[in-house]
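Enquirer: Structure here, sequence nowhere to be found:
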């Protein structure tokens, strides 16, 4: 199978996963307990993505301590301002300062 | 410092005349303007990732049209990078598809979470628009409950997706064109996790949410060495379970 076909099939796999609980098996047909559990997907997924990035930052030659401090700065600004733009800017700026 | 009654009256009048924008209130802008305002800061984190996908596509020796086309078809950085690195290493179709399935399995959970917003939409929207589900669009949509599940949500979702897709394509194309001439590692690489932190913090408003996030983060760190995002998926599942148990314990 050519690379283009494999990557196209990978795109189809991604699409099926996205529509699975919207069209194929609508989530409202799932039990109530599953509905309650799904409310926690957001914080769990976002925290897991951030933590994975932090844990792997050392292996890529980066500076885990600088990244951790930069993300703490972003969290602080996000808590105070609720602005993703300001928080992202604070994280990037803090990292730039720490790795000068 | 004291304030005269006259000054206080003027201040109260000015405050009363000013349009009040509660957090999440999109009325002054409308769904399209709100969508652009929501997605703009996210793009700062998405663009470096898109460029990485373009560089990986070039390294995997796929044609530019294939690289760009599949970036749009997969519409997800982690799975796309994993698939391209496997294709570049000569892995078989089953390995590539299995990896993409595991890396993107969390998108099924996101779809389940967003299903109420899609339920009353036209069929074309229910079949096609979930393609725009990624970490960032899911988090943004959850933060906009006031858009409901009708035309306002539809316009907001399509605008967010269109801006994201346009920026994503441009970044992948730039990465492909510039290739290895781009410097490896810069402060902008921090933009993606910083943006995720910015989306996470407002969701830590109750104990179940904090428990879900804390446990998921712990499991993700413990499983970071596991292959191809198995650790990430496990972290999400265990985190959701922790949030559910905490919620039950609090009743």
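Expert: Yep, it's here. Note that this is a predicted model, so its numbers are computed, not measured. Numbers count the residues shown, from 1 in each chain, chains lettered A, B, ... in the order given.
Enquirer: Name the surrounding residues that touch stretch B:38-48.
Expert: Stretch B:38-48 is contacted by residues A:83-85, A:87-89, A:92, B:77, B:136, B:140, B:144, B:156, B:159-160, B:163-164, B:167-168, B:170-171, B:186, B:188-189, B:191-196, B:198-199 when judged by C-beta atoms under 8 Å, 6 or more residues apart in numbering or on different chains. Quick note: C-beta positions are derived from backbone N, CA and C, even for glycine.
Enquirer: Show me chain A divided up by domain.
Expert: What automatic domain parsing lists as the domains of chain A is A:1-33, A:40-100.
Enquirer: what ranges do the helices span in chain B?
Expert: Here chain B has its helices, by DSSP state H, at B:5-17, B:30-59, B:64-74, B:77-88, B:93-118, B:123-128, B:135-142, B:151-178, B:191-200, B:207-222, B:230-250.
Enquirer: Does the fifth one reach chain A?
Expert: Yes: using C-beta under 8 Å from any C-beta of the partner chain, helix B:93-118 reaches chain A at B:93, B:96-97, B:100-101, B:104-116, B:118.
Enquirer: buried set for that helix?
Expert: The neighbour-count check on helix B:93-118 (16 or more other C-beta atoms under 10 Å in any protein chain shown) flags B:93, B:95-97, B:99-118 as buried.
Enquirer: Just the mean pLDDT for stretch B:238-249, thanks.
Expert: Mean pLDDT, computed over stretch B:238-249, is 92.
Enquirer: One more: stretch B:125-142?
Expert: Mean per-residue pLDDT for stretch B:125-142: 94.
Enquirer: Stretch B:77-86 too?
Expert: Mean per-residue pLDDT for stretch B:77-86: 80.
Enquirer: just how off-centre is that stretch within its chain?
Expert: Stretch B:77-86 sits 17 Å away from the centroid of its parent chain (C-alpha atoms, centre = their mean, to the nearest Å).
Enquirer: Next, count neighbours for residue 90.
Expert: No chain specified, so I'll use chain A. The tally of other residues near residue A:90 (other C-beta atoms under 10 Å in any protein chain shown) stands at 25.
Enquirer: To clarify, I was referring to chain B.
Expert: A count of neighbours around residue B:90, defined by other C-beta under 10 Å, yields 9.
Enquirer: and the gap between residue B:137 and residue B:236?
Expert: Separation of residue B:137 from residue B:236 (C-beta to C-beta, to the nearest Å) stands at 17 Å.
Enquirer: same check, this time on residue B:199
Expert: Going from residue B:199 to residue B:236 by C-beta to C-beta gives 15 Å.
Enquirer: do residue B:230 as well
Expert: According to C-beta to C-beta, residue B:230 and residue B:236 sit 11 Å apart.
Enquirer: The two: which has the busier surroundings?
Expert: Using other C-beta under 10 Å as the criterion, residue B:230 and residue B:236 rank with residue B:236 on top: 29 against 14.
Enquirer: Please tell me how far the more buried one sits from chain A.
Expert: Using C-beta to the nearest C-beta, to the nearest Å, we find residue B:236 at a distance of 5 Å from chain A.
Enquirer: Please look at that residue and residue A:42 and confirm they touch.
Expert: No: with contact defined as C-beta atoms under 8 Å, residue B:236 does not reach residue A:42; the gap is 10.0 Å.
Enquirer: outside of stretch B:109-126, which residues touch it?
Expert: With C-beta under 8 Å, 6+ apart as the test, stretch B:109-126 has contacts from A:17-23, A:26-28, A:30, A:34, A:38-39, A:41-42, A:45, B:129-130, B:133, B:135, B:138, B:141-142, B:147-150, B:153-154, B:157, B:236, B:240.
Enquirer: and if we set it to 6 Å?
Expert: Residues outside stretch B:109-126 that contact it (C-beta atoms under 6 Å, 6 or more residues apart in numbering or on different chains): A:18, A:21-23, A:26-27, A:38, A:41, B:130, B:133, B:138, B:141, B:149, B:153-154.
Enquirer: on that earlier part again, out of the helices of chain B, which one sits most buried?
Expert: Highest mean neighbour count among these (mean count of other C-beta atoms under 10 Å in any protein chain shown): helix B:191-200, with a mean of 28.
Enquirer: give the contact list for residue B:234.
Expert: Contacts of residue B:234 were listed using C-beta under 6 Å, 6+ apart, and they are B:219, B:223.
Enquirer: among the domains of chain A, which is nearest residue B:57?
Expert: Closest to residue B:57 of the domains of chain A, according to C-beta to C-beta: domain A:1-33, at 9.1 Å.
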